[in-house]
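Undergrad: Mind folding the following:
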Amino acid sequence: MTSVKRPWNFSAGPSVLPEPVLEQAAREMLDWEGSGMSVMEMSHRGPEFTRICDEAEADLRQLLGLNDDFAVMFMQGGATAENAIIPMNLMGLRPEHKADYVITGSWSKKSRAEAERYGDVAVAASSDQVWQRDGHVWQPLTWVPPVEQWTVRPEASYLHFCSNETIGGVEMFSFPDQAQMKALGAADVPLVIDASSHILSRPMDFSNVGLMYAGAQKNAGPAGVTVVIVRKDLIGHALPMCPAAFNYANVARESSRFNTPPTYSIYVAGLVFKWLLKKGGLEAIEKENILKANALYGFFDQSSFYRLDVFPENRSRMNVPFHLPDTQLDAEFLKGAQALGLNQLKGHKSVGGMRASIYNAMPLEGVMDLIDYLEWFEKTHG
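TA: Residues are numbered from 1 along each chain as shown. Next up, the predicted model:
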């Protein structure tokens, strides 16, 4: 086996960025389009950055097919901060100040815990238990509870779930539609979705979405900016405790520039959006992501050496956790991978094992190099 020229970065985030984006950002570092300024030096209210920010919003709207019913905001604090900002903005939609949460992994558990500071929070469904299906026992947080088994309070201000759990590698490939929510007796409860790890990886149906948010550092750009997409009719109900800088009404009214936003991160995210549009949009990138995921999962499925824990129908295309047969092999596996330029494969400390995150900017070539190494390691250690 031979090493690659540039290491393949399988980090779960901050993650690999498209090389053309990095190259353009490098070219424009000292002088953006003849302005004589780096983007990092610009006034966030000046004409140069106004154009950058407005173009980023327009391109993101085009990629996601968003109409004018939605406000698009670029905010700070990551998805973790949104776990508090969301209840402060949406709990007041109804006088009961209730919110329901679906638990499918570490991030949805953290989201629920944070929301409990601001109102009455209930668990609508949870995979934090063993599940028997098709003669197999699936361990906690390796599957998604079927929607028809969710229990949603009709008076809840919103229903929250994480549609791709980065740590556990669990993904939801569709969102509850209006008919399903009606069957649950909660047709008027808005869906709030943490899509941090798979936003922009495929087309998504926003017809029944109230709010979607995502830290950019997976598929949408560098760390520092959080994308928040919210139906305009849900804005304007913030709790009195909500800081002005986090009030959606203020941020939306000022086009993400109520206060100084993460300007450089927005600029790089805008370059990522243009890169995706040039590739053909989300339909095109989804085809690439399916090829990569099928190749990697296909290898694992024929292997008797590596172990996958996620229920097959809920396997994430973006985050692929796997385990070696003996944890004593982990260090050797990682050392060998690093020597070949296969970086950041160590799994999250809470679950152990390995994890390959194969986001949009990871080409099929990188996945195939990983498969070559996986195959070689199995042959030499199996």
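Undergrad: so where is the stretch 201-350 of the chain shaky, pLDDT-wise?
TA: Along the stretch 201-350 of the chain, no part satisfies pLDDT under 70.
Undergrad: please redo it, this time with the cut-off set to 90
TA: Regions of the stretch 201-350 of the chain meeting the criterion pLDDT under 90 cover residues 349-350.
Undergrad: Would you state the helices of it in chain order?
TA: 248-253, 263-279, 281-302, 330-339 (DSSP state H, counting those that start in this stretch).
Undergrad: Present these as a markdown table; the columns should include distance to residue 131 and mean neighbour count.
TA: For glycine as for every other residue, the C-beta is placed from the backbone atoms N, C-alpha and C. Shown next, in a markdown table, are the helices of the stretch 201-350 of the chain (distance: least, CB to CB, whole Å; neighbours: other CB atoms under 10 Å):
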| stretch | distance to residue 131 | mean neighbour count |
| --- | --- | --- |
| helix 248-253 | 36 | 19 |
| helix 263-279 | 36 | 21 |
| helix 281-302 | 20 | 16 |
| helix 330-339 | 27 | 15 |
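Undergrad: who wins for proximity to residue 204 among those?
TA: helix 281-302 (8.0 Å; CB to CB).
Undergrad: which ones are touching the closest residue to residue 225 other than its chain neighbours?
TA: Counting by CB to CB, 6 or more residues apart in numbering, residue 225 lies nearest to residue 265, which is 3.9 Å off, once chain neighbours are set aside. By CB atoms under 8 Å, 6 or more residues apart in numbering, residue 265 lies in contact with 216, 221-225.
Undergrad: Can you tell me which of those residues lies closest to residue 163?
TA: The closest of the contacts of residue 265 to residue 163 turns out to be residue 216 (CB to CB; 16.0 Å).
Undergrad: can I see the domain layout of this structure?
TA: 39-278, 281-381 (automatic domain parsing).
Undergrad: chain center to the last one, what's the gap?
TA: Offset of domain 281-381 from its chain centre (CA atoms, centre = their mean, to the nearest Å): 18 Å.
Undergrad: Give me the buried positions along the helix or strand where residue 366 lies.
TA: Element membership for residue 366 (DSSP states H and E) is helix 364-381. Residues of helix 364-381 classed as buried: 366-367, 369-371, 373-374, 377-378 (neighbour count, 16 or more other CB atoms under 10 Å).
Undergrad: Between helix 281-302 and that helix, find me the angle.
TA: 10 degrees (axes from the mean of the first three to the mean of the last three CA atoms, to 10 degrees).
Undergrad: Can you check which of the helices of the stretch 201-350 of the chain gets nearest to residue 92?
TA: Among the helices of the stretch 201-350 of the chain, the nearest to residue 92 by CB to CB is helix 248-253 (11.3 Å).
Undergrad: I'd like to know which elements that closest one is packed against.
TA: strand 70-75, strand 226-231 (3 or more CB pairs under 8 Å, 6 or more residues apart in numbering; DSSP states H and E).
Undergrad: Give the partner strands of the last one in its sheet and their orientations.
TA: Sheet neighbours of strand 226-231, with direction, are listed as strand 70-75 (antiparallel), strand 209-215 (antiparallel) (DSSP bridges).
Undergrad: now that strand, how far from the chain's geometric center?
TA: 13 Å.
Undergrad: next one: stretch 36-51
TA: Centroid separation for stretch 36-51 versus its chain: 28 Å, with CA atoms, centre = their mean.
Undergrad: Export the helices and strands packed on helix 248-253 as JSON lines, with columns for mean neighbour count.
TA: Conversion of those to JSON lines gives the following (neighbours: other CB atoms under 10 Å):
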{"stretch": "strand 70-75", "mean neighbour count": "22"}
{"stretch": "strand 226-231", "mean neighbour count": "23"}
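Undergrad: okay, those in TSV with distance to residue 99 next?
TA: Converted to TSV, the helices and strands packed on helix 248-253 look like this (distance: least, CB to CB, whole Å):
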stretch	distance to residue 99
strand 70-75	19
strand 226-231	15
